[in-house]
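1. coordinates only, no sequence provided:
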Ligand code: MRU
């Protein structure tokens, strides 16, 4: 079942509610752009390509309702960091101006279809980099749930698994929203891929002891200079990989590339509510809760895209 799917009979876009996983598998249908924007804000749907696909349908719903401008503005304001969200809304707006509301929906549909196909190509290109019986460390959730289908970094693991390479995954829990602990473990279990969950702070010892052969992460935005913006905790993981001479790969579709943003320093990093972090703190504790961080291009061994593996940090400029 795709994570994001148009349901014509219901007149909306159907999403799996990721806030309820792994305890319950609940689906909801958003019938207005406002409902889609709320689902993105509250992380019912999350992960850059999935956010992009949902936002595309949200903009198409706004176009049908005759409120494209307001709907697009609300969608763009839902989360600031994922490039795919903005790219998707731009594309649907362009389609609407060319051919009206039905053209807008057709564009949203083709983006969702393209996204699922791109993930399979990312998987095929990336799996070639995965040795037999590789031990892979990954952060956040970059699987089917983060995309329309199949996944990016986790799609690479999946293709390697399907090719009989017997990968083993160390899943970083990914504080504070626990996308690794809740979502990646759920997906890996369903796929039958062996894995162990680790606390984020255990990654240092994991790499120091030589227990991981490579790291795989996704991206919310890849800047013109190749800097990678991804889930907070990705940058320290990349630093650990350099220190311990472990390849650090980033898998993302070309739609995540943002030629208009020169470097990671120019990206607006989302800051989320204090309540995501305060579980163990005394009441009233002040919090800084950035949802993403910036990994300098120089720490990225290669970028895995649907077009192939880009070895040079600046290759995204091409
Ligand atoms: O806050 P999230 O869960 O939306 O963050 C997701 C990530 O950081 C992913 O690594 C990224 O979006 C790529 S998903 C294929």
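-> Perfect, I can see it now. These figures come from a predicted structure and were not determined experimentally. Residues are numbered from 1 along each chain as shown.

2. so who does the nearest residue to residue 131 once chain neighbours are set aside touch?
-> Sequence neighbours aside, residue 213 is the residue nearest to residue 131 in space, at 6.4 Å (criterion: C-beta to C-beta, 6 or more residues apart in numbering). All C-beta atoms are positioned from the backbone trio N, CA, C, and that covers glycine. For residue 213, the contacting residues are 131, 134, 135, 136, 246, 247, by C-beta atoms under 8 Å, 6 or more residues apart in numbering.

3. likewise for residue 70?
-> Contacts for residue 70 (C-beta under 8 Å, 6+ apart) come out as 33, 62.

4. run the last query once more with 10 Å
-> Residues touching residue 70, when contacts are defined by C-beta atoms under 10 Å, 6 or more residues apart in numbering, comprise 33, 34, 62.

5. same check on residue 64?
-> Contacts were defined as C-beta under 10 Å, 6+ apart; by that measure residue 64 touches 11, 31, 32, 33, 71, 96, 100, 101, 102, 104, 105.

6. how about the residue nearest to residue 131, phi and psi?
-> For residue 213, the backbone dihedrals (degrees, to the nearest 10) come out as phi -90, psi -30.

7. of the contacts of residue 70, grab the buried ones for PyMOL.
-> Applying 16 or more other C-beta atoms under 10 Å to the contacts of residue 70, the buried members can be selected in PyMOL as follows:
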select buried, resi 33+34+62
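
8. follow-up on the earlier one: and the contacts of residue 64, which are buried?
-> Among these, those buried by neighbour count (16+ other C-beta under 10 Å) are 32, 33, 71, 96, 101, 104, 105.

9. and the gap between the fourth one and residue 212?
-> The one in question is residue 96. Taken as C-beta to C-beta, to the nearest Å, the spacing of residue 96 relative to residue 212 amounts to 46 Å.

10. surely residue 55 and residue 83 touch.
-> No: Residue 55 sits out of contact with residue 83 when judged by C-beta atoms under 10 Å, with a separation of 11.2 Å.

11. who has more neighbours, these two?
-> Neighbour count, other C-beta atoms under 10 Å: between residue 55 and residue 83, residue 55 has more, with 35 against 25.

12. please report how far the more buried one lies from residue 9.
-> In this view, residue 55 and residue 9 are 22 Å apart by C-beta to C-beta.

13. and for residue 49?
-> Between residue 49 and residue 9 the distance, using C-beta to C-beta, works out to 25 Å.
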